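Chemist: A structural model of the following input is requested.
(one chain, ligands or ions: 1)
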Amino acid sequence: MTSATPGEAIGESADLLVVGAGPAGAAAAAHAADRGSDVILLDAAVFPRDKTCGDGLTPRAVAGLQRLGMASLLDDRPRIRGLELNGWGTRRRVDWPGANRFGAYGSAIARTELDDAVRRSAVDRGARMVSGAKAIGAQMVGGRIESVTVTREGRRHQIRVRDVIVADGVRSGLGRSLGRQWHRDTAFGVAARSYADSDRADSEWMGSHLELRDPAGDLLPGYGWVFPLGNGTVNVGVGALATDKRPASMALRPILEHYAAMVGDDWRLTSPPRAIASALLPMGGAVSGVAGANWMLIGDAAACVNPLNGEGIDYAIETAALAVAMLDDENDYSTAWPALLRREYGTAFAAARRAAGLLTVPQTVPLLGRPGIRSPRLMSTVVRVMGNLLTPDDADLIARAWRSAGRVTARLEDRPPFS
Ligand SMILES: Cc1cc2nc3c(=O)[nH]c(=O)nc-3n(C[C@H](O)[C@H](O)[C@H](O)COP(=O)(O)OP(=O)(O)OC[C@H]3O[C@@H](n4cnc5c(N)ncnc54)[C@H](O)[C@@H]3O)c2cc1C
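Modeler: Down below sits the predicted model:
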């Protein structure tokens with residue numbers, strides 16, 4: 001995990017240092033290299049590496065990959081046309097709304113492959129990859145990062161930088177050392193994934209169970225998923241919402257095993273779930289300290305995850321492009337970057353995390369879920385919101401209502417997203 005890849009020297013300086021080579025960091029390195037910047041892309045892991053995830057790509061994430069010129073990566077993957085929603089004795093298949101501006105299909109691909117492919121693409125465009133190397137701190141001069149300290153195989157190195165993009169994921173160790181704080185009074189996620197063999201691995205639908213129960217039959221504030229990966233394998237997982245006040249203290253492993261047994265016949269699973277792993281998810285921009293004079297946090301480090309479904313790959317790729325564009329436009333990112341994030345995602349995140357907070361109240365899930373799943377119109381809206389397919393440019397009734405809810409919520413909140 002920590003041994004270096006042969007031939008990768010650690011450079012002494014770079015125009016841009018990107019810390020973390022998940023989809024956020026690798027996409028940022030790719031975009032910056034395209035613009036002719038001298039980029040170092042650094043990761044503590046050696047690739048290919050696993051990342052605990054549902055591996056699902058919404059049309060918005062697929063569009064992000066297309067913009068990176070990487071659409072062919074998904075050529076032999078399922079073309080997913082929508083969600084198969086289940087709960088309270090009802091099943092409803094809902095296509096991604098055709099009118100979304102991202103594209104008609106989603107997909108799914110194991111993160112071991114996806115992340116390595118985006119990372120290799122950044123290297124092909126000229127980024128210098130340094131793997132097995134951990135960023136452990138930054139030296140500040142006049143309020144700017146002058147250099148970043150990196151350790152690899154027990155040795156310390158300094159990399160002098162002009163700009164730093166911090167894409168080091170959920171816990172964001174480097175971000176924390178720069179002042180990033182994760183606020184858990186608004187909803188966050190706890191989720192577990194696994195892999196299983198399936199005869200339905202080429203399905204055109206992402207399975208989603210809104211009525212998630214533990215082995216004792218108690219209803220949980222979360223959902224279960226089965227995402228078809230197209231190579232005889234599906235990703236099976238469960239996720240739950242929590243807040244400081246209402247922590248999700250459940251053990252996820254037995255819930256996942258129970259869920260896999262429940263969906264086993266339907267998804268024609270031919271093996272028990274394996275490689276079970278769980279992780280936390282910061283959501284809805286619930287972090288402060290996302291930028292300084294010459295550094296910006298992107299992806300999970302900036303809590304850019306949809307509070308209603310835990311999906312963050314599309315935001316990772318999008319925030320990468322936005323941050324790289326800002327490198328050219330601004331000299332100081334301290335206020336410009338959180339302001340841009342709020343403009344892009346603030347109202348939707350405010351509404352979604354308020355709704356997610358409500359779902360952590362035990363009575364809310366059946367109250368909304370039972371009648372909701374019987375209404376095709378409501379479920380189509382749910383798919384639009386869960387698929388993250390509403391944008392600031394959409395002008396239809398649902399989009400306007402969702403944005404109004406976000407604006408009202410943002411005004412009611414003590415602490416808006418990214419502050
Ligand atoms: C169980 C689960 C299921 C999920 N399912 C989905 C899904 O189906 N679809 C979806 O879109 N999203 C899903 N998500 C969310 C998604 O996984 C994240 O939003 C996404 O990985 C964010 O990408 P990132 O590049 O910001 O961070 P990451 O992918 O976490 O990458 C961060 C990288 O930084 C590196 N790093 C960390 N610290 C350092 C350091 N100090 N120095 C150097 N490198 C460092 C790490 O090694 C890692 O490679 C899920 C999350 C969980 C937990």
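Chemist: near the ligand, which residues of the stretch 251-400 of the chain show up?
Modeler: Contact residues, the stretch 251-400 of the chain versus the ligand (CB under 6 Å from any ligand atom): 279, 281, 299-301, 305, 310-313, 316. Every residue, glycine included, has its C-beta placed from N, CA and C.
Chemist: per-residue confidence for Leu367?
Modeler: pLDDT for Leu367: 65.
Chemist: should've said Gly89
Modeler: At Gly89, pLDDT is 87.
Chemist: Looking at the residues of the stretch 251-400 of the chain next to the ligand, which has the smallest pLDDT value?
Modeler: Lowest confidence among those: Gly310, with 88.
Chemist: To what extent is the nearest residue to Arg213 once chain neighbours are set aside buried, counted in neighbours?
Modeler: The shortest distance from Arg213 to any non-neighbouring residue, by CB to CB, 6 or more residues apart in numbering, is to Leu219 (5.7 Å). By other CB atoms under 10 Å, 15 other residues sit near Leu219.
Chemist: Now do Leu219, the pLDDT please.
Modeler: Per-residue pLDDT puts Leu219 at 86.
Chemist: again, but for Pro371
Modeler: You'll see Pro371 listed with a pLDDT of 68.
Chemist: Kindly report the residues of the stretch 101-250 of the chain close to the ligand.
Modeler: Counting by CB under 6 Å from any ligand atom, the stretch 101-250 of the chain sits next to the ligand at 134-135, 167-169, 173-174, 191-193, 237.
Chemist: Closest one of the residues you listed to Gly89?
Modeler: The shortest approach to Gly89 among these belongs to Gly237, at 22.6 Å (CB to CB).
Chemist: in what helix or strand does the closest one lie?
Modeler: strand 233-242 (DSSP states H and E).
Chemist: By neighbours, which of the residues of the stretch 101-250 of the chain next to the ligand wins?
Modeler: Using other CB under 10 Å as the neighbour criterion, Ala167 leads those with 34 neighbours.
Chemist: The closest residue to that one other than its chain neighbours: how many residues sit nearby?
Modeler: Nearest residue to Ala167, sequence neighbours excluded (CB to CB, 6+ apart): Gly25, at 3.3 Å. Residues lying near Gly25 (other CB under 10 Å) number 30.
Chemist: Gly25 against Asp43, yeah?
Modeler: Yes - with contact defined as CB atoms under 8 Å, Gly25 reaches Asp43; the gap is 7.3 Å.
Chemist: shared neighbours of the two, anything?
Modeler: Shared contacts of Gly25 and Asp43, defined by CB atoms under 8 Å, 6 or more residues apart in numbering, comprise Val19.
Chemist: follow-up on the earlier one: just checking, which of the residues of the stretch 101-250 of the chain next to the ligand belong to helices?
Modeler: 173-174 (DSSP state H).
Chemist: farthest-separated two in the residues of the stretch 101-250 of the chain next to the ligand?
Modeler: Pairwise distances across these peak at 29.4 Å for Ala135 and Gly237 (criterion: CB to CB).
Chemist: what pLDDT, on average, does stretch 164-171 get?
Modeler: Rounded mean pLDDT across stretch 164-171 is 97.
Chemist: which residues touch that stretch?
Modeler: Residues contacting stretch 164-171 (CB under 8 Å, 6+ apart): 16-22, 24-25, 28, 32, 135, 138, 145, 148, 172, 174-175, 178, 180, 279-282, 294-301, 316, 320, 323-324.
Chemist: Residue of the stretch 1-150 of the chain closest to the ligand, please.
Modeler: Gly22 (2.2 Å; CB to the nearest ligand atom).
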